[in-house]
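Engineer: Sequence and predicted structure are below.
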Amino acid sequence: MKKNYSALSVKLLAIIAMTVDHIAVVFVPPSSMLYYFMRMFGRLTAPIMAYFIAEGFRHTRSRKKYLLRLAVFGLISQPFYFTVFFGKIPDSPQNFIGNWNVMVSLAIALLTLIVLESGIPETPRLILVAVCISLGHFSDWSLMIPVWTVIFYIFRNDFRKMAILFAVASVVLQTIIFAKSYDSFLMFTYHYGTLFALVPIWKYNGEHGSVRHKKLQRWFFYVYYPVHMAVLLLIQALIE
């Protein structure tokens, strides 16, 4: 299989999948097959984002600034995320800050890699890595994004091992973490759509893509996340 997908192409695929996923959440009845397949397609996004956190960790000029960007946009996105997925801003601040959006999940994943590659002695370092991963429990995708990111980073030079560990984590951990939240196991199975993310990851050629307006492209991916949810909520309000 020829590797002909640039980073820009793979990220655009992730954005399209995310948008389709959120359209399903806002507008499509959860009991319908359309909802099932739209959300299955939407499962492509999180693994791809985790993969590019691992890539960005290696190539960014400033990991601290990278972490700060993710955290800031996580804060900006939180009201929109919570309204899309939980219907309204809760009266209890505890619920609001205990269910963070995917930008925070990505920030936790990046923090995990920073700790993993720090100069801390091995035993306390591994304990801190486990603590960082556990923080994912309080954000979108729970432990999955930090776990995927660590797998993508450690096994970046061995796609076969990376794919096997990714697949095992995707099936086993997702089943343990998410299946209990569904009335039927069949409806839960759209989560296994994450496995299809291996295809664009495998086809990624290591190149950025178009170098024109590179900074604009980078900021677009950050800004798009809260903006597209705000637009969906506005359309929903106008329809109702």
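Structural biologist: Cool, got the structure.
Engineer: hey, let's count contacts and neighbours off CA atoms from now on
Structural biologist: OK.
Engineer: The most centrally placed residue in the chain: what's it in contact with?
Structural biologist: For the chain, residue 46 is the residue whose C-alpha lies nearest the centre (C-alpha atoms, centre = their mean; 3.0 Å). Residue 46 sits next to 14, 141, 145, 194 when contact means C-alpha atoms under 8 Å, 6 or more residues apart in numbering.
Engineer: what about the second one, neighbour count?
Structural biologist: Residues within reach of residue 141, counting by other C-alpha atoms under 10 Å, total 20.
Engineer: Going forward, count from 45.
Structural biologist: All right, first residue 45 from here; so that's residue 185.
Engineer: Just want the phi and psi numbers for it.
Structural biologist: Dihedral pair for residue 185: phi 80, psi 0, per degrees, to the nearest 10.
Engineer: Just list the residues touching it, thanks.
Structural biologist: Listed by C-alpha under 8 Å, 6+ apart, the contact partners of residue 185 are 90, 146, 149.
Engineer: Could you rerun that using 10 Å?
Structural biologist: Going by C-alpha atoms under 10 Å, 6 or more residues apart in numbering, residue 185 touches 90, 143-146, 149-150, 218, 221-222.
Engineer: Kindly reformat those residues as a markdown table containing pLDDT and secondary structure.
Structural biologist: Output for the contacts of residue 185, formatted as a markdown table (pLDDT from 0 to 100; DSSP: H, G, I helix; E, B strand; the rest coil):
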| residue | pLDDT | secondary structure |
| --- | --- | --- |
| 90 | 98 | helix |
| 143 | 91 | coil |
| 144 | 96 | strand |
| 145 | 97 | coil |
| 146 | 98 | helix |
| 149 | 98 | helix |
| 150 | 98 | helix |
| 218 | 98 | helix |
| 221 | 97 | helix |
| 222 | 97 | helix |
